[in-house]
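Chemist: here are the coordinates; sequence isn't available:
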């Protein structure tokens, strides 16, 4: 390539930066014709084709450039970026790794590798790559923002907040980072601070349905369902293709509609949106999830089959099988589950649904095999452990008692009364009054075990109320004492996670009304789960003789599995007592009849 050709390429690159891609492409093509061995000319052709939306032309040009300069790290990174953009994420990751083997100090390459790994569902490796990126590009706001995304995917909310605060300190106009920081602050329990972050994002010029969605959720957490409903309605009006907005509106109406908009069907807006946008797959998927959680399985099945007719996947097959199972068609469900498993044997979500089917079909050996498969890939998959315990029980396998050990792993402890309260009764009375103000919903959430009552929105233990802080500190102390008393066993999936530090992965309050209950369930996101009793109806609190109304029970799987298994252990609630247990243990409550509510606080904890 001559000096004149090089000058023309510089001119073309300048034009491309000015947004004049057609002119730049013409020059790059001419230089490549004059100097066909020039990797730079092929590279610039590829960048122009990419900008112009010519994916096929860009791919040919990138391959041509790489044939001439296979060890050019910048070229490899740009090609990786292109592959990621067109959806070839696995190929992009491989190409990024090739580039970084050549140029390990390429900060942009490490950042984009991390983002690609995050897209591929590997947040642990993504975090490693993005840690490397920020070590090389400490002043890059996008790199810190990417690291925050990886940490959040690993449920390290405090680490995500730290990275996002660094991102916005480096670029106060990074509205996306401010929005992400607001979401993290809400997940940590501070909805007020999250709203302040969204205000920063808007001042930076950031807009879009994501921030509207986030603000509505913050208002819900603050006990302002009317404002949340108003914002959700605006959101679907201004962004009708944004699927999470329709889900938000439906869920707000489900919980608060009876008081805010009596008679309005939470599904109506969803149905209208799908009728208007029949090709919007994310919208239909969100609606299917809502319908399944709301037990509207006939309608869910119709939508699943619509999607399968267009593009079938093992995930959709498993979803249809699950719906068929619930609708009383176990034979058809079993055939679909088997086909989905053969097509994608390592998918944890599919395996969890398949285990459930196999247990109901009275095939515990196969259920146990599927559970063990799931645990090979996810050793702390709480669903797999829950179903494995049931399978071993049906098989008469003594390992059920080793895994569940209801007598030793379920523990009832008293909380130390926080300073400032004369006794336990005063503390519980203050807590009852404060929690009562947070129960604004008139109906249980659609996706929870609760039947006949309400649940607080957001992260209870993240609130700045001094009473909540005192409760959280007392609870943390009690949990650490419980963990310290557990025996050591490196072979046990619960005991081998013992740690001197814990983090709360979720916290909330539940108020059950008369005839209310928790159906038997487990907690997928926890290690240790709980029930702390704030106030109890007289009928539950008084001594019982053969009547377990309002009690908590362990070891009985869901009634819909029709296994005829009874609880392994039943405990009478006592106000001021905290019950702790492994998150994979099936647990629920017995319905009670009483005019007074049953008020509890619950949380999940994970080891740090």
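Modeler: All right, it came through fine. Just so it is clear, the structure is predicted and the values come from calculations on it, not from any experiment.
Chemist: tell me the contacts of the spatially most central residue of the chain?
Modeler: By Cα atoms, centre = their mean, the chain has its centre lying nearest to residue 153, at 8.0 Å. The neighbourhood of residue 153, defined by Cβ atoms under 8 Å, 6 or more residues apart in numbering, consists of 118, 123, 126. All C-beta spots, glycine's among them, are computed from the backbone N, C-alpha and C.
Chemist: among these, which are located in helices?
Modeler: Among the contacts of residue 153, DSSP state H puts 118, 123, 126 in helices.
Chemist: excluding its backbone neighbours, what's nearest the first one?
Modeler: Yep, that's residue 118 we're talking about. Among residues not flanking residue 118 along the chain, residue 126 sits closest, at 4.1 Å (Cβ to Cβ, 6 or more residues apart in numbering).
Chemist: what's the neighbour count on the residue nearest to residue 404 when sequence neighbours are not counted?
Modeler: Spatial nearest neighbour of residue 404, excluding adjacent residues (Cβ to Cβ, 6+ apart): residue 389 at 5.1 Å. Using other Cβ atoms under 10 Å, residue 389 has 27 neighbouring residues.
Chemist: residue 389: what secondary structure?
Modeler: Taking DSSP: H, G, I helix; E, B strand; the rest coil as the rule, one finds residue 389 in the helix state.
Chemist: who touches it in this structure?
Modeler: Per Cβ under 8 Å, 6+ apart, neighbours of residue 389: 400, 403, 404, 555, 584, 585, 586.
Chemist: ditto for residue 498
Modeler: 483, 486, 488, 607.
Chemist: most neighbours, which of those?
Modeler: Highest neighbour count within those, by other Cβ under 10 Å: residue 483, with 20 neighbours.
Chemist: point me to the helix or strand that includes that one.
Modeler: Applying DSSP states H and E as the criterion places residue 483 in helix 466-484.
Chemist: now the angle from the helix or strand that that helix is followed by to helix 466-484?
Modeler: Beyond helix 466-484 on the C-terminal side, the first helix or strand identified by DSSP H and E is strand 502-518. Counting by axes from the mean of the first three to the mean of the last three Cα atoms, to 10 degrees, strand 502-518 lies at 100 degrees to helix 466-484.
Chemist: strand 502-518: which residues count as buried?
Modeler: In terms of neighbour count (16 or more other Cβ atoms under 10 Å), strand 502-518 has its buried residues at 502-514, 516-518.
Chemist: any idea how far that strand is from the chain center?
Modeler: Centroid displacement of strand 502-518 relative to its chain, using Cα atoms, centre = their mean, to the nearest Å, is 19 Å.
Chemist: give me the sheet partners of the next helix or strand after it and which way each runs.
Modeler: Later in the chain than strand 502-518, the nearest helix or strand by DSSP H and E is strand 528-535. The pairing partners recorded for strand 528-535 under DSSP bridges are strand 577-582 (antiparallel), strand 598-607 (antiparallel).
Chemist: just to revisit the earlier point, need the contacts of residue 153 in TSV (columns: distance to residue 526).
Modeler: Formatted as TSV, the contacts of residue 153 follow (distance: Cβ to Cβ, whole Å):
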residue	distance to residue 526
118	24
123	19
126	24
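Chemist: so which of those residues wins on neighbours?
Modeler: Neighbour counts for the contacts of residue 153, by other Cβ under 10 Å, peak at residue 126, which reaches 25 neighbours.
Chemist: how close does that one get to residue 471?
Modeler: With distances taken as Cβ to Cβ, to the nearest Å, residue 126 is found 35 Å from residue 471.
Chemist: swap in residue 401?
Modeler: Counting by Cβ to Cβ, the gap from residue 401 to residue 471 is 34 Å.
Chemist: compare those two and say which is more crowded by neighbours.
Modeler: Remark: of residue 401 and residue 471, residue 471 carries more neighbours, 25 against 14, as counted by other Cβ under 10 Å.
Chemist: can you measure across stretch 555-562, start residue to end residue?
Modeler: One end of stretch 555-562 to the other measures 14 Å (Cα to Cα, to the nearest Å).
Chemist: buried residues in the helix or strand hosting residue 161, which are they?
Modeler: Using DSSP H and E, residue 161 maps to helix 157-170. Under the neighbour-count criterion of 16+ other Cβ under 10 Å, helix 157-170 has 157, 159, 160, 161, 162, 163, 164, 166, 167, 168, 170 buried.
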